[in-house]
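Colleague: Structure for this input, please:
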Amino acid sequence: MITLSGKSVFGGVAIGKIAFYKRQEKQVRRYRVEDTEAEVARFEDAQETAITQLGELYDKAMEDVGEANAAIFEVHQMMLMDLDYVDSIKNIITTQEVNAEYAVATTGDNFSQMFASMDDAYMQGRAADVKDVSDRLLGILSDAGESGVVADEPVIVAADDLVPSETVQLDKSKVLAFATMYGSANSHTAILARTMNIPAVIGLGE
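Modeller: Numbering: from 1, shown residues only. Next up, the predicted model:
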């Protein structure tokens, strides 16, 4: 028997089968584009779609976890309109003459690393938010399928980490607990787990 130890972000006991959260892999290729204006427009279309999706997630979260916790999706909408973030993506497309997916992935990595390297624990937690926003854009641009957990019975959801949108979209009747390799107690996912009264352990390691 293998025993793993991590940090509890919401107490409780859960006994059940483990189901691993499956993500659609987003393979980001870098390739040259001839028409950078069209590529910027392609990014802007994805940006609008993402903002609409986040509005729908906000409405769902309002019902499930209340206004205070649903607010993260308004924050994500603001991130998608943040001038530094958006300008970085557009600048990479136009100056390097590359595809939008590469520009989004590069900008997302840069911003996520910037937040993760900060001393403040709250700001470190925002690295996951940037990743969530960037992954959403990449999914739209690449027309990737849905991610999630396939289970016929309540399970313990295991993952490397879970971003807020993934947590909110899970069928709560099928979730006994969360167990992740990474994450912080200040992450919005940890906060959501506490609000939903779902036992959660983070930092289990690889």
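Colleague: okay, which residue is most central for this protein?
Modeller: Centroid-nearest residue in the chain, with CA atoms, centre = their mean: Asp132, separated by 2.6 Å.
Colleague: Helix or strand: which one has it?
Modeller: Secondary-structure element containing Asp132, defined by DSSP states H and E: helix 121-142.
Colleague: go on, Ala177?
Modeller: When elements are assigned from DSSP H and E, Ala177 belongs to strand 175-180.
Colleague: Run through who's touching that strand.
Modeller: The contact list for strand 175-180, computed with CB atoms under 8 Å, 6 or more residues apart in numbering, reads 4, 6, 12, 14-16, 18, 149, 154-162, 167, 189, 193, 198-204. Any C-beta I mention is one placed from the backbone N, CA and C, and that applies to glycine too.
Colleague: repeat that for 6 Å
Modeller: Applying CB atoms under 6 Å, 6 or more residues apart in numbering, the external contacts of strand 175-180 come out as 14, 16, 154, 156-159, 161, 193, 198-202.
Colleague: following the helix holding Asp132, which helix or strand comes up?
Modeller: Past helix 121-142, heading to the C-terminal end, the next element that is a helix or strand (DSSP H and E) is strand 155-159.
Colleague: Partner strands of that following strand and their direction?
Modeller: Sheet pairing here is set by DSSP bridges, and for strand 155-159 it gives strand 18-20 (parallel), strand 175-180 (parallel).
Colleague: helices and strands of this protein: which one has the lowest mean pLDDT?
Modeller: Among the secondary structure pieces of the chain, namely its helices and strands, helix 188-195 has the lowest mean (mean pLDDT, DSSP states H and E), a mean of 76.
Colleague: Surely Val168 and Ala61 touch.
Modeller: Yes. Counting by CB atoms under 6 Å, Ala61 is a contact partner of Val168 at 5.0 Å.
Colleague: In terms of neighbours, single out the busier of the two.
Modeller: When Val168 and Ala61 are compared on other CB atoms under 10 Å, the one with more neighbours turns out to be Ala61, at 26 against 23.
Colleague: Find the residue closest to Asp161 in space, skipping its chain neighbours.
Modeller: Distances taken as CB to CB, 6 or more residues apart in numbering put Tyr182 closest to Asp161, at 4.4 Å, once the chain neighbours are dropped.
Colleague: The one you found sits in which helix or strand?
Modeller: Here Tyr182 is covered by no helix or strand, with elements defined by DSSP H and E.
Colleague: Count the neighbours of it for me.
Modeller: For Tyr182, the number of neighbouring residues by other CB under 10 Å comes to 16.
Colleague: mind showing which ranges of this structure have poor pLDDT?
Modeller: When the per-residue scores of the chain are filtered using pLDDT under 70, the ranges that remain are 1, 24-25, 144-148, 150, 186, 188-189, 206.
Colleague: how does it divide into domains?
Modeller: Taking automatic domain parsing as the domain assignment, the ranges for the chain are 7-23+149-202, 38-142.
Colleague: Quick check: which of the ones you listed is nearest to Arg29?
Modeller: Ranking the domains of the chain by their distance to Arg29 (criterion: CB to CB) puts domain 38-142 first, at 7.1 Å.
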